[in-house]
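Asker: Sequence first, predicted coordinates after that:
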Amino acid sequence: MVDSLSVLWTIVPQFAPQPHLHCSRCGGAKPFSSSERFRVNANGRRIDAWLIYKCAACDNTWNRPVLERTNIASVDPLHLAALQSNDPRLARRIAFDIDGLRHTTQRIDESPDVLVRKDLRSAGTTPVQRLEIGLAVPEPTRLRLDRLLATELGLPRKRVHRLHAENRLAIASGSARMLRRPLRDGTCLTLDLSRESDRIAISLAARPG
């Protein structure tokens, strides 16, 4: 449609989840943060590897198991090289594995702070009447959908909910409850701007740059 704007927003969490663990120095449960560094120890044919976490209060360390008494011949050479070189992408992927952390503790702090990267999919040549937003959320975040829309489009959250109640904000395969829930990868939104006096400002806010 010539009056439509379609964008993709990629959500990048700024801080990895922090498990709350017992700190032997502090004498109680404290949040621990990933140091983005690995410890690797080879003993004969066996190898162990850990992602090192640090206590937020005293820098005491906790080693999160990545490999445990694993036959070194079964480890992908690229994976081993990434461990040995403290590859930041591998460290980030493991740090955002919340399911794995839940085997260690039930209390995990997740920050709502994100970076939103906006990419243009298509844009018409006339004033925008319809805004389509796709969300890519490769890593978990506690940021709610209504907060994201309010912040990035410059709208009060009450207005976001009102637009949905008036069927001018549609969430593909979703309900109103999704507005109050953490972001989900693959969510698609459509916003009817035809009756909004500030549609130019909203469409500009949705675009890259």
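Answerer: Yes, it's here. Keep in mind the model is a prediction, meaning the values are calculated, not measured.
Asker: can we go C-alpha only for contacts and neighbour counts from here?
Answerer: Will do.
Asker: Domains in this protein, by residue range?
Answerer: Here the domain parsing of the chain from automatic domain parsing is 4-14+111-206, 18-109.
Asker: And the first one, end to end?
Answerer: Using CA to CA, to the nearest Å, the span of domain 4-14+111-206 from its first residue to its last is 12 Å.
Asker: and the regular element (helix or strand) spanning Asp146, how far out from the chain's middle?
Answerer: Here Asp146, judged by DSSP states H and E, is contained in helix 145-153. A distance of 15 Å separates the centroid of the chain from that of helix 145-153, by CA atoms, centre = their mean, to the nearest Å.
Asker: Show me what that helix is packed against.
Answerer: Here helix 145-153 touches helix 157-165, helix 199-206, going by 3 or more CA pairs under 8 Å, 6 or more residues apart in numbering; DSSP states H and E.
Asker: in the protein, which segments are predicted with low confidence?
Answerer: Where the chain drops to pLDDT under 70, the residues are 1, 173-176.
Asker: In it, which residue sits furthest out from the middle?
Answerer: Farthest-out residue of the chain from its mean C-alpha position, per CA atoms, centre = their mean: Gly44, at 38.6 Å.
Asker: on that earlier part again, in CSV, list the helices and strands packed on helix 145-153 along with mean neighbour count.
Answerer: Putting the helices and strands packed on helix 145-153 into CSV (neighbours: other CA atoms under 10 Å) gives the following:
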stretch, mean neighbour count
helix 157-165, 15
helix 199-206, 17
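Asker: want to throw the ones you listed into TSV with distance to Arg64?
Answerer: Below are those laid out as TSV (distance: least, CA to CA, whole Å):
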stretch	distance to Arg64
helix 157-165	39
helix 199-206	39
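Asker: Out of those helices, which is closest to Val114?
Answerer: Comparing those against Val114 with CA to CA, the closest turns out to be helix 199-206 (15.7 Å).
Asker: I'd assumed Arg93 was in contact with Ala82.
Answerer: No: using CA atoms under 8 Å, Ala82 is not in contact with Arg93; the gap is 12.0 Å.
Asker: Neighbour count for those two, which is higher?
Answerer: Just comparing Ala82 and Arg93: by other CA atoms under 10 Å the higher neighbour count belongs to Ala82, 16 against 12.
Asker: how about that one, what does it touch?
Answerer: Leu90 (CA atoms under 8 Å, 6 or more residues apart in numbering).
Asker: still on that earlier bit, for the residue farthest from the centre of the chain, phi and psi?
Answerer: phi 70, psi -130 (degrees, to the nearest 10).
Asker: what do you get for Asp198?
Answerer: Main-chain torsions, Asp198, degrees, to the nearest 10: phi -100, psi 30.
Asker: same thing with Leu155?
Answerer: Dihedral angles (degrees, to the nearest 10) for Leu155: phi -120, psi 150.
Asker: Could you give the number of residues near it?
Answerer: Per other CA under 10 Å, the neighbour tally for Leu155 reads 15.
Asker: For it, which residues are in contact?
Answerer: So Leu155 contacts Leu149 (CA under 8 Å, 6+ apart).
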